[in-house]
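A.B. asks: got a predicted structure plus its sequence, pasted below:
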Amino acid sequence: MRQIELIADEPRTDNMERASEIVDGLNEAQRQAVTTTDGPSLIVAGPGSGKTRVLTHRVAYLIATGRAQPFHILALTFTNKAAREMKRRIQQLVGDVHATGIWMGTFHSIFARILRREADKLNFTSDYTIYDTDDQDRIFRGLMDQYNIDPRQHPVRAIRSMISEAKTQMISPSEFARVAMSPQQEKAAQLYQPYIETLHRSNAMDFDDLLLKPLELFRKDAETLEKYQSRWRYVHIDEYQDTNQAQYQLTKLLAARHKNICVVGDDAQSIYAFRGADIGNILSFQKDYKEAKVLRLEQNYRSTEKILRLADSIIKNNEKRLDKSLWTENDEGEDVVLMEAISEKDEAQKIERRIRDIYVRGHHYRDCAVLYRTNAQSRSIEEALRRAGIPYRVIGGLSFYQRKEIKDVVAYLRLAVNPHDTASLRRVINFPTRGIGLKTLQQILDYAADRDMTPWAAIEEIEEVGLSARAQRAVKKFATLIAEFRDRAVTEPADEVAREVIRGSGLLDELKREHTTENLVRWENVQELVSAIAEFVESNPDTGSLSTFLQEVSLLTDADDDHTEGDKVTLMTLHASKGLEFPVVFITGLEEGLFPLARAAQEKEELEEERRLFYVGVTRAEKMLFLSTARSRYQYGEQQSCVRSRFLDETAPGLIRTEAGGDFTAAKDRFRMRPGGRVAYDNVDPYYYRKNLRAGSGTSDRAAGRRVVYDEGEGGDIVPGVIVEHDVFGEGKVQAVEGNGQQAKATVFFKTVGQKKLVLRFARLRVIG
DNA sequence: AGAATGGACTTTTTT
DNA sequence: AGTCCATTCT
């Protein structure tokens, strides 16, 4: 309680009472973490230890004790969801007025905001466009064309991620060119500088820039740095193990003045090394701040003891980790259940039955989460749940703002704000088609490239480009269209502009051209976008400009949408599950090659990351945990046999039982190292197994023969007279069925599109009546 | 110029 | 199995 007596300026009794209320109900370690406000502190927090609680209470405590005004506080997270959750809790503790002034958000959104304010100092304008990977790829494709680099030999993705990696490591183009070894790296090095220039000319930033540009600014402009250093007296960072180099440097600079930096992290939950996260940052923290206090939150409030013991036995297989001893006062709980399935369909069915069972026993659907390694795995589970009539929601996959129809509208809106945005221009210059073909486009792009100008600048002087009269007319029409949108963007509210864009661009006609259910959904999505814009304008009357809206939606993820309403089972990747908890958790696809992924199993570092991912998944569970593995899985267009994951064999005995109720016995030393250090792998990994099958022609027949067997069950329910549902065509009635096995076809009469003949193997019809 | 067809390739996780 | 790309067709 001495802390509270230290309030210097105005020790108000109501605040003091509030402050002690805030720490009330916390355990000793948590209270320590909350009240250690001054100076650097590193909070090493295990899963389910109330880490978010500590952060929010700490912020509330700072305000209540008068140590800081809300705007003195910076709190950085990795997802919008985490930020929103923190804000909600702080509101409960200190009230709206105080909570709204806090600088709280994801790294990217906070620094996007800083860039808006400081744009002029960096030779940008504040209405810059944010490029996602899709936009980047569009730029790269153009550059590769220009530099005669074959995208078949050097995939765009590979080039993009190489350059992105270089950027996050803060390697300059010249440096990168020096260290480039492989032909692919050399190509990337060649494009690095032109890419930066293209983005600059387009007034665009990629995700990396959102962190690098502020860093650049703070480094070269001491005054600006000082401004933010003195504004943010208290800096908080959640999920510190996920910070990359740039984020590390940024926060180090920002906290340099007050040194009140509090970071919370768990090295065992680091699962984002693939995008540049550096666990080393946790270790460096203690080196950078010698006086740093290290606090540990080791009590787990979330899971049963058995689940926690399982998690512990998993993570113990990693060599690289900080020592932490997790414990809980919770019940021992039930055994973890391993479900061994024949195929991915069988797996899905087992899960579906379990969920029904659990539901009948009084749980809600929303208590259950099904986790998987790759997004593609959701399909079979969705199908099983749909068939059983169990409501579910899928998080991730294609997010709303990544849908084509939305991206098209957004591209036009971006052009209305900034016509020099090259990626958006390339996207829509001929969509909907308006007579600007490949050849015309190429001429414009060449003209622009020769003069180091943007395509839009070339279009502005289209007479000089030397197009045919017809092409020139078409381009001029496009230019007039965009110019018109630009004018409106200045005078009209953003949602009005959006409506006009949808009408004027021809996107509306495009969607209405064909009456399919697919197009109807697309149209609804577009309408939803318009209302989202309207809502944004209304709730941000001062800053609610179109460009701000566009910037903010670029930073949204599907997982951020707060659709917790409704009693539904949640399906998502293990990555997306981080930070969440559920009474009942299913972890699926525990097979070699899938989890751990084939490529990850080759490298020790990556394998350890996969293992941490498993650890994250297991620790999401509160009461019940189910693990599942399938003997075979339909993948990459063919049925493959699978081997159960080594992760299962690494677990401690006595924690897992099989469905039949027996003890699961792990096989030890399944993956012994050979003397050479490489794992004897080729026989077990389905990925390689499949490659071997392909290499020898004799064996591939065997594989084909096997596949037929699995296909036999297909289509049995589809007989003339039944009502079926198709993903695209909707509801229809089966008229006739012909052929069998892989060749089986059905003639179906659909309400929307009339009669169609479909190959059952591809059509994925669902019987609904 | 634009639609339709055919083939190769891909499959990690995401701010 | 879906996507993207190239080629061929109308």
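C.D. replies: Perfect, I can see it now.
A.B. asks: going by C-alpha atoms from here, please, whenever you check contacts or count neighbours.
C.D. replies: Noted.
A.B. asks: okay, the residue in the stretch 351-500 of chain A that DNA strand C sits nearest to and A:P194: tell me how far apart.
C.D. replies: At 9.2 Å from DNA strand C, A:K404 is the closest residue in the stretch 351-500 of chain A, using Cα to the nearest atom of the strand. Using Cα to Cα, to the nearest Å, one gets 27 Å for the distance from A:K404 to A:P194.
A.B. asks: count of neighbours near the residue of the stretch 351-500 of chain A closest to DNA strand C?
C.D. replies: 12 (other Cα atoms under 10 Å).
A.B. asks: what does the pLDDT read for it?
C.D. replies: We have a pLDDT of 83 for A:K404.
A.B. asks: could you do A:G769 as well?
C.D. replies: For A:G769, pLDDT reads 63.
A.B. asks: A:K756 now?
C.D. replies: Value listed for A:K756 in the pLDDT field: 63.
A.B. asks: go on, the one 10 residues further on?
C.D. replies: The predicted structure scores A:R766 at 68 on the pLDDT scale.
A.B. asks: with A:S202 instead?
C.D. replies: Reported pLDDT for A:S202: 92.
A.B. asks: thought it was touching A:D452?
C.D. replies: No. Counting by Cα atoms under 8 Å, A:D452 is not a contact partner of A:S202; they are 11.4 Å apart.
A.B. asks: how far away is the residue with the largest distance to the centre of chain A from A:A64?
C.D. replies: For chain A, the largest distance from the centre (Cα atoms, centre = their mean) belongs to A:A469, which lies 46.3 Å off. In this view, A:A469 and A:A64 are 71 Å apart by Cα to Cα.
A.B. asks: also A:R321?
C.D. replies: Taken as Cα to Cα, the span from A:R321 to A:A64 is 37 Å.
A.B. asks: one more: A:I163?
C.D. replies: Taking Cα to Cα, one finds A:I163 at 46 Å from A:A64.
A.B. asks: buried sites along stretch A:106-117?
C.D. replies: Under the neighbour-count criterion of 16 or more other Cα atoms under 10 Å, stretch A:106-117 has A:T106, A:F107, A:H108, A:S109, A:I110, A:F111, A:A112, A:R113, A:I114, A:L115, A:R116 buried.
A.B. asks: where does the closest residue to A:I73 other than its chain neighbours land on pLDDT?
C.D. replies: Excluding the flanking residues, the one nearest A:I73 by Cα to Cα, 6 or more residues apart in numbering is A:Y234, at 5.0 Å. If you check A:Y234, the pLDDT there is 96.
A.B. asks: before we move on, what about A:S700?
C.D. replies: Reported pLDDT for A:S700: 30.
A.B. asks: give me the phi and psi for A:V337.
C.D. replies: Main-chain torsions, A:V337, degrees, to the nearest 10: phi -110, psi 130.
A.B. asks: surely A:A601 is in a helix?
C.D. replies: Yes. Counting by DSSP: H, G, I helix; E, B strand; the rest coil, A:A601 is found in a helix.
A.B. asks: what's the neighbour count on it?
C.D. replies: 21.
A.B. asks: one more: the one 10 residues further on?
C.D. replies: Using other Cα under 10 Å as the criterion, A:R611 is surrounded by 24 other residues.
A.B. asks: which residues of chain A score low on pLDDT?
C.D. replies: Low-confidence segments of chain A (pLDDT under 70): A:1-14, A:397-398, A:543-544, A:558-564, A:668-722, A:726-730, A:732-745, A:747-764, A:766-769.
A.B. asks: that older thread, I'd say the residue nearest to A:I73 and A:L74 touch.
C.D. replies: Yes. Contact criterion Cα under 8 Å: A:Y234 and A:L74 qualify, at 6.2 Å.
A.B. asks: what's the spacing between the residue nearest the centre of chain A and DNA strand B?
C.D. replies: Centrality entry for chain A: nearest residue to the mean C-alpha point is A:T557, 6.1 Å, by Cα atoms, centre = their mean. As judged by Cα to the nearest atom of the strand, to the nearest Å, A:T557 and DNA strand B stand 4 Å apart.
A.B. asks: quick one: stretch A:302-320 to chain centroid distance?
C.D. replies: From the chain centre to the centre of stretch A:302-320 is a distance of 25 Å (Cα atoms, centre = their mean, to the nearest Å).
A.B. asks: how far does that stretch stretch from start to finish?
C.D. replies: Stretch A:302-320 has its terminal residues 25 Å apart, counting by Cα to Cα.
A.B. asks: next, give phi and psi for the residue nearest to A:I73.
C.D. replies: Torsion angles, degrees, to the nearest 10, at A:Y234: phi -130, psi 120.
A.B. asks: before we move on, what about A:E239?
C.D. replies: phi 50, psi 50.
A.B. asks: that one contacts A:A268, correct?
C.D. replies: No. Look at A:E239 against A:A268 with Cα under 8 Å: they stay out of range, at 11.0 Å.
A.B. asks: between these two, which one's more packed in?
C.D. replies: Set A:E239 next to A:A268 and count neighbours by other Cα under 10 Å: A:A268 wins out with 26 against 22.
A.B. asks: the helix or strand hosting A:E464: what's the following helix or strand?
C.D. replies: Assessed by DSSP states H and E, A:E464 sits inside helix A:462-465. Per DSSP H and E, the first helix or strand lying C-terminal to helix A:462-465 is helix A:469-491.
A.B. asks: and A:P47, what is it in contact with?
C.D. replies: A:D266, A:N300, A:R302, A:V616, A:T619 (Cα atoms under 8 Å, 6 or more residues apart in numbering).
A.B. asks: re the thing from before, how much space is there between the residue farthest from the centre of chain A and A:G435?
C.D. replies: 12 Å.
A.B. asks: quick one, helices of the stretch 251-400 of chain A?
C.D. replies: All helices of the stretch 251-400 of chain A, identified by DSSP state H, counting those that start in this stretch, fall at A:280-288, A:305-315, A:344-360, A:378-388.
A.B. asks: tell me which of the ones you listed lies nearest to A:S577.
C.D. replies: helix A:378-388 (14.0 Å; Cα to Cα).
A.B. asks: quick revisit: the buried residues of stretch A:106-117 in strands, which ones?
C.D. replies: Mapping these onto strands (DSSP state E) picks out A:T106.
A.B. asks: got the buried residues of stretch A:106-117 as JSON lines, with distance to DNA strand C columns?
C.D. replies: Listed next are the buried residues of stretch A:106-117 as JSON lines, based on distance: Cα to the nearest atom of the strand, whole Å:
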{"residue": "A:T106", "distance to DNA strand C": "28"}
{"residue": "A:F107", "distance to DNA strand C": "28"}
{"residue": "A:H108", "distance to DNA strand C": "26"}
{"residue": "A:S109", "distance to DNA strand C": "27"}
{"residue": "A:I110", "distance to DNA strand C": "30"}
{"residue": "A:F111", "distance to DNA strand C": "30"}
{"residue": "A:A112", "distance to DNA strand C": "27"}
{"residue": "A:R113", "distance to DNA strand C": "31"}
{"residue": "A:I114", "distance to DNA strand C": "33"}
{"residue": "A:L115", "distance to DNA strand C": "31"}
{"residue": "A:R116", "distance to DNA strand C": "31"}
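A.B. asks: check the buried residues of stretch A:106-117 against DNA strand B, which are close?
C.D. replies: Among the buried residues of stretch A:106-117, the residues that sit close to DNA strand B (Cα under 7 Å from any atom of the strand) are A:T106, A:F107, A:H108.
A.B. asks: surely the second one and A:T77 touch.
C.D. replies: Spelled out, that is A:F107. Yes. Taking contacts as Cα under 8 Å, A:F107 lies within contact range of A:T77: 6.3 Å.
A.B. asks: measure A:W232 to DNA strand B for me?
C.D. replies: In terms of Cα to the nearest atom of the strand, A:W232 sits 20 Å off from DNA strand B.
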